[in-house]
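Participant: Can you look at this prediction? I've put the sequence above it.
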Amino acid sequence: MTKIDPIYVGKDAISHLLEYVAAKSLNRFCIVADENTFPALGGRVEAALKAKGHDVTSVVLEGHNIHTDEHECMQVFIRAPLGPCTFIAVGSGTITDITRFVSHRTGRSFIGMPTAPSVDGFTSIGAPIILAGVKTTILCQAPLAVFADLETLASAPQALIGAGFGDMIGKITSLADWKMGSLLWDEPYDAAIAARSQAAIDSVVKYADSIGQRSEEGVRALMDALIESGLCMLDFGTSRPASGAEHHASHYWEMKRLKEGRVTQFHGAQVGYALTLVAAQYARIRDINRSDAMNRLEAAALPDRQAEVDNIRSGYGDMVDNIAKEHLAFLNLSEEGFDQLKHKIADHWGDIQDIAARVPLPEVIAAALDKAGAPTTWQSLGLDEDEVQPGFQYGHYLRNRFTVLKLSRILDVPLG
């Protein structure tokens, strides 16, 4: 198990950073930040390290719509110093993932210094990177340590804080999908990690009002929960404890906007809104009695492989081959395999109903999002109405995972 030590969330995080690097005899650094996070915290980190006589290079990425993609990663590759150094990621999710990837690929370590409680990836091992237009999670490395300055976190824009809340409570349906995937698709499952993730969700929901007010108490609770979620992913080895249908929809919306050259929204904000729609789908599953479910299973037919590929092409265009590779386990399902899957659904129908029953109603989730200052409608995300449905129609192709959307297709339960 990878150990991140220390993980500090509190005031005067820079002093704790200085103590840490002195204890570890680290003296050469590359700070990675952007035009917002460098003035918010990075400049002070640079000055404090230089005042101690350390060799510091700062790479400040330019632009107001930075993405974790080939272009930005290459900027850091080119501008980072040669030879041994420790990277310091001063920023939120995008900066952290860029730094995670570059530090790993150059054989160096990194330290995380979050500037907003906006995502759960600060302590994870994976870096979601957009490669050739496809959002792909690449296993890299966890940070050596994390120093989160509470005053900086609480001063972050409310949109980023709300996004963090959305990303965190998105785990409600991530966990439901994960449990269902373990029953129906033989996905690896860890009950202890699932329980930890659920406890993190519960711990943050009760602070929704405080998070919406950007109080230090609420922001600390949110950051602690996001860190724990990242540790759950780190300990499990993949993003499965924290990513289900709600995340796949968000990934699709982001990929589509990028392909069209449009401004994207914060990932967690999209996840929170998608969560309300996935929760509504679980409510529809909950309303199906066993007799109706068995009739639907009897009528279900194995999707035609070519029709599925054509559907992927409709959603992803020239990215069809890359997406289809991720979906091969479903595309190559035989009649026998499909019958076995239907039998599993029948055998576990009671379990499926129990899973669905534990997902809060969408209006309950929307109320919590609203309290935390997170978007709850497609309009507030800047989506067009006709963009919403494709996020679910095509998003599930992005991962070899069984979610409520896969179940809904088999049972012929339309989304909304």
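Facilitator: Nice, I can see it. Numbers count the residues shown, from 1 in each chain.
Participant: In a strand, L381, correct?
Facilitator: No - assigned with DSSP: H, G, I helix; E, B strand; the rest coil, L381 falls outside any strand and is coil.
Participant: which stretches of this structure have low pLDDT?
Facilitator: Applying pLDDT under 70 to the chain flags the ranges 1-2.
Participant: can you tell me which residues contact the residue located most distally from the centre of it?
Facilitator: Most distant from the centre of the chain: G53, at 37.5 Å, with distances by CA atoms, centre = their mean. By CB atoms under 8 Å, 6 or more residues apart in numbering, G53 lies in contact with N27. Just so you know, the C-beta spots here come from the backbone N, C-alpha and C atoms, and that holds for glycine as well.
Participant: what's the distance between it and A33?
Facilitator: Distance, G53 to A33, using CB to CB, to the nearest Å: 21 Å.
Participant: Could you do K344 as well?
Facilitator: With CB to CB as the criterion, K344 and A33 are 48 Å apart.
Participant: ok, the two, which is more surrounded?
Facilitator: A33 (26 against 16; other CB atoms under 10 Å).
Participant: my guess is the more buried one is in a strand, correct?
Facilitator: Yes - under three-state DSSP, A33 falls within a strand.
Participant: hey, where'd the helices end up in the stretch 251-400 of the chain?
Facilitator: 267-286, 290-299, 305-316, 320-326, 328-331, 335-347, 349-357, 362-371, 385-395 (DSSP state H, counting those that start in this stretch).
Participant: Okay, buried residues for the fifth one please.
Facilitator: When you say that, I think you mean helix 328-331. Neighbour counts over helix 328-331 (16 or more other CB atoms under 10 Å) mark F330, L331 as buried.
Participant: Could you do the second one as well?
Facilitator: Using 16+ other CB under 10 Å as the test for burial, helix 290-299 gives A293, R296, L297.
Participant: Contact partners for the second one?
Facilitator: Okay, so that is R296. I288, I410, L411, D412, V413.
Participant: Kindly recompute the last result at 6 Å.
Facilitator: L411, D412 (CB atoms under 6 Å, 6 or more residues apart in numbering).
Participant: Now for L361, how many residues are close by?
Facilitator: Neighbours of L361 (other CB under 10 Å): 14.
Participant: Give the closest residue to it in space, chain neighbours not counted.
Facilitator: Spatial nearest neighbour of L361, excluding adjacent residues (CB to CB, 6 or more residues apart in numbering): A283 at 6.2 Å.
Participant: need the strands for this structure, in chain order.
Facilitator: Shown for the chain, the strands assigned by DSSP state E span residues 7-10, 28-34, 55-61, 86-91, 110-114, 126-131, 134-139, 146-149.
Participant: Export those as CSV, with columns for distance to Y207.
Facilitator: Shown next, in CSV, are those (distance: least, CB to CB, whole Å):
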stretch, distance to Y207
strand 7-10, 14
strand 28-34, 28
strand 55-61, 32
strand 86-91, 24
strand 110-114, 18
strand 126-131, 26
strand 134-139, 28
strand 146-149, 16
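Participant: out of those, which comes closest to T403?
Facilitator: strand 134-139 (15.9 Å; CB to CB).
Participant: Let me see the domain layout of the chain.
Facilitator: The record, using automatic domain parsing to delimit domains, assigns the chain the ranges 7-156, 161-411.
Participant: Could you work out the end-to-end span of the shortest one for me?
Facilitator: It stands for domain 7-156. Domain 7-156 has an end-to-end distance of 20 Å (CA to CA, to the nearest Å).
Participant: Run the chain-centre distance for it.
Facilitator: 18 Å (CA atoms, centre = their mean, to the nearest Å).
Participant: Contact partners for the closest residue to K179 other than its chain neighbours?
Facilitator: Distances taken as CB to CB, 6+ apart put I355 closest to K179, at 5.5 Å, once the chain neighbours are dropped. Neighbouring residues of I355 by CB under 6 Å, 6+ apart: A176, K179, M180.
Participant: Which residues are in contact with G170?
Facilitator: E246, V271, L275.
Participant: Go through those residues and say which is closest to D149.
Facilitator: Of the contacts of G170, the one sitting nearest to D149 (CB to CB) turns out to be V271, at 24.8 Å.
Participant: you'd agree that closest one is up against A249?
Facilitator: No - with contact defined as CB atoms under 6 Å, V271 does not reach A249; the gap is 8.1 Å.
Participant: ranges for the helices of the stretch 51-200 of the chain?
Facilitator: 70-79, 93-105, 150-154, 158-169, 171-184, 191-205.
Participant: Please enumerate residues in contact with the first one?
Facilitator: Think helix 70-79. With CB under 6 Å, 6+ apart as the test, helix 70-79 has contacts from V32, V59, L61, I66, I98, F101, V102.
Participant: Including distance to T152 and neighbour count, could those residues go into a markdown table?
Facilitator: Listed next are the contacts of helix 70-79 as a markdown table, based on distance: CB to CB, whole Å; neighbours: other CB atoms under 10 Å:
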| residue | distance to T152 | neighbour count |
| --- | --- | --- |
| V32 | 16 | 30 |
| V59 | 19 | 23 |
| L61 | 18 | 20 |
| I66 | 18 | 18 |
| I98 | 19 | 28 |
| F101 | 23 | 23 |
| V102 | 23 | 25 |
